[in-house]
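With the sequence up front, the predicted model follows.
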Amino acid sequence: MERRPSRKLFRHRLDEMVTSIRNSIITGTLEPDRYLPSEKQLAEQYGLSVQSVRKGLDLLVGEQLIVKIPKVGSKVVDPAEKGAVTVRLGYPPTLPDDADIHRLIAMFHREHPNIRVQAVPLGDVSYEHCKPYLDSGMLDAIIMNYNGYLQFAENGGLDDLDCLERRDDLYPFLSDAFTDNGRLRVQPFVFSPLVLCYNRAHFAQQNLQEPNSSWSWKRLIECASALDIPNERVGFRCYFSTPNRASILLMQRGQSFERSEDGRLKLAGTSMMEAIRYSRQIYEHIPSLPNSLMDWETQKIQMFRQGKLSIAILSYFKLNDLRDSDIDYDIAPVPHFGHALTALILIGFAVYRHSKNKEAAKKLVDFMVSAKAQLAIRQNTCSLPARVTAAEWSGPDGGGINRPSRFSLFREIIPSYRLFTDLNVGESEYRALFDELRLYWAGLEDEETFVGRVEGIPPAAPKAAAGAAR
């Protein structure tokens, strides 16, 4: 049984309310000295309790955007007082859960009352989507992942990103990934390896040993079969339906792609083609694949919470969806073929080089990787902060967060971290390759057609690939 099954929904509604009011104040839609709707009206508007609304308004009071006047209401404060500047920060939609970004912004406002942060949710953080925002002055900084950084690099856009100071207190392999020709373009913020997440109670019920670092894919499939109960639960749900997950099998089995003389990817007769062929066979042996009525890519966490899924490959970011549950779960390294490797996911801050508020944006970035902010991420989420001392902090957990007992596993497996570029592919190449892989692995494309299409993919723009930790 789960506690507070709708807590995540209410958290999203509260984030929506706070973000909407904050942005309306900063952009001038809500003018100084105006009053917000009553707490009861806000509760009805956003589907929240009055108590939750009060908590949200307290955040805005802490940011000095509103003041509460007893028996009157909440009044808007002028954000331009004392020469305040506004930094517009673009962020991906999952970040409030991944890093509790609104809490961090509120902390920043308390330390820098003359710098307002307007958090702008972006449905897409690709180069094509973000570039117009930057050029028009609508964004001063962006929170982007490694793929976004590579897209800027391959499109000649790195010079739009200001050079940032490399910090010795962050994991070096994170900074290395965001460095081009000795210049750090994105400041690491949070990260995660992909790990195996499993329901401990299911293993105990079937008298099975829990996963460990020795597990092969064969062992995983055998246990998944034993855990599977028809019409009740699925032992292992794993379509390798994201590029990061797909890269695990390719790196473990094929290591890296070879290239032809013209620079294009080469598959015919290579060890990578053997790896791709073997990966297709894995699909054929996974028991109880879900039917077409299930959108498992979006529903897998809910199914795991409900006890209808025993094992899944997840990131630490996704563990945030389990932090308010009562489920007894743990994590282990992903299976392997004898050489343990896993995919590394990176998220960082980039500052627009031509921003009129560049220095204020840099202060925001500096704060986000400060000891205080990074420790707040570690204490209030399941995500991994980029700062070494924060990620490896071992104090008492607060807030009733349900973390796996092997939370510190990430530290043990650092030598296994790899970026998908270690496959010797560029970002645009890998996107095109992944489209073909899904068709081939699903049995919708024969090998000859698959090889021909992959070997016809135009090579990515030249760029030295950054290696992950070894």
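Noted; the coordinates are in hand. As the structure is a prediction and not an experimental result, all values here were calculated from the model.

got the buried residues for the strand or helix carrying residue 42?
Assigned by DSSP states H and E, residue 42 belongs to helix 39-46. By 16 or more other CB atoms under 10 Å, the buried positions in helix 39-46 come out as 39, 42-43, 46. Where you see a C-beta, it was placed from the backbone N, CA and C, and this is true even at glycine.

which residues are contacting stretch 332-341?
194-196, 198, 210-213, 215-217, 219-220, 248, 251-253, 313, 342, 406, 409, 413, 416, 418 (CB atoms under 8 Å, 6 or more residues apart in numbering).

Could I get the buried residue list for that stretch?
332-336, 340-341.

How far does that stretch stretch from one end to the other?
Start and end residues of stretch 332-341 are separated by 13 Å (CA to CA, to the nearest Å).

Same question for stretch 400-416.
31 Å.

ok so, going back, how about the buried residues of stretch 332-341 in JSON lines, adding secondary structure?
Formatted as JSON lines, the buried residues of stretch 332-341 follow (DSSP: H, G, I helix; E, B strand; the rest coil):
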{"residue": "332", "secondary structure": "strand"}
{"residue": "333", "secondary structure": "coil"}
{"residue": "334", "secondary structure": "coil"}
{"residue": "335", "secondary structure": "coil"}
{"residue": "336", "secondary structure": "strand"}
{"residue": "340", "secondary structure": "coil"}
{"residue": "341", "secondary structure": "coil"}
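
what about the stretch 351-470 of the chain, any weak spots by pLDDT?
397-399, 461-470 (pLDDT under 70).

just the helices in it please.
358-368, 371-380, 388-391, 409-412, 427-441, 447-455 (DSSP state H, counting those that start in this stretch).

mind putting those helices in TSV, distance to residue 302 and mean neighbour count included?
TSV is the format used below for these (distance: least, CB to CB, whole Å; neighbours: other CB atoms under 10 Å):
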stretch	distance to residue 302	mean neighbour count
helix 358-368	30	20
helix 371-380	22	19
helix 388-391	28	18
helix 409-412	24	15
helix 427-441	23	20
helix 447-455	33	16
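
Which one, of these, ends up nearest to residue 177?
Residue 177 sits nearest to helix 427-441 of all the helices of the stretch 351-470 of the chain, at 12.5 Å, using CB to CB.

For the closest one, which helices and strands make contact with it?
Contacts defined by 3 or more CB pairs under 8 Å, 6 or more residues apart in numbering; DSSP states H and E place helix 427-441 against helix 146-154, helix 243-254, helix 271-285, helix 447-455.

mind listing what's buried in the third one?
Across helix 271-285, burial judged by 16+ other CB under 10 Å covers 272-273, 275-276, 279-280, 282.

With stretch 405-421 instead?
407, 409-410, 413, 416-421.

Out of these, flag the one nearest to residue 89.
residue 419 (24.9 Å).

Check the gap between the closest one and residue 273 for me.
Residue 419 is 22 Å from residue 273, where distance means CB to CB, to the nearest Å.

ok, now residue 167?
From residue 167 to residue 273 the distance is 41 Å (CB to CB).

cool, residue 215 as well?
25 Å.

counting residues per helix, which one in this structure is longest?
helix 7-26 (DSSP state H).

Packing partners of that helix?
Packed next to helix 7-26, using 3+ CB pairs under 8 Å, 6+ apart, are helix 39-46, helix 50-62, helix 95-99, helix 101-111, strand 115-121.

and that helix, average pLDDT?
Per-residue pLDDT over helix 7-26 has a mean of 78.

now it against strand 115-121, angle please.
Computed by axes from the mean of the first three to the mean of the last three CA atoms, to 10 degrees, the angle separating helix 7-26 from strand 115-121 equals 130 degrees.

Also compute the angle for helix 7-26 relative to helix 101-111, please.
Using the same axes, to 10 degrees: helix 7-26 against helix 101-111 is 40 degrees.

Would you mind listing the buried residues in helix 7-26?
Buried, per 16+ other CB under 10 Å, within helix 7-26: 8, 13-19, 21-26.

Name the surrounding residues that touch it.
Here helix 7-26 has contacts from 29-30, 36, 42, 45-48, 52-53, 55-56, 59-60, 63, 65-66, 76-77, 79, 86, 96-97, 102, 116, 118-121, 321, 324, using CB under 8 Å, 6+ apart.

Show me how to select, in ChimeraX, the buried members of the residues you listed.
Buried members of these, defined by 16+ other CB under 10 Å, are picked up in ChimeraX with:
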select :30,36,42,46,48,52,53,56,59,60,63,65,66,76,77,79,86,96,97,102,116,118,119,120,121,321,324
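
need the strands for the stretch 101-250 of the chain, in chain order.
115-121, 141-145, 179-180, 183-184, 187-199, 234-237 (DSSP state E, counting those that start in this stretch).

and residue 135, which of those is closest to it?
strand 141-145 (12.7 Å).

Least reliable of the helices and strands packed on helix 7-26 by average pLDDT, please.
Lowest mean pLDDT within these: helix 95-99, at a mean of 78.
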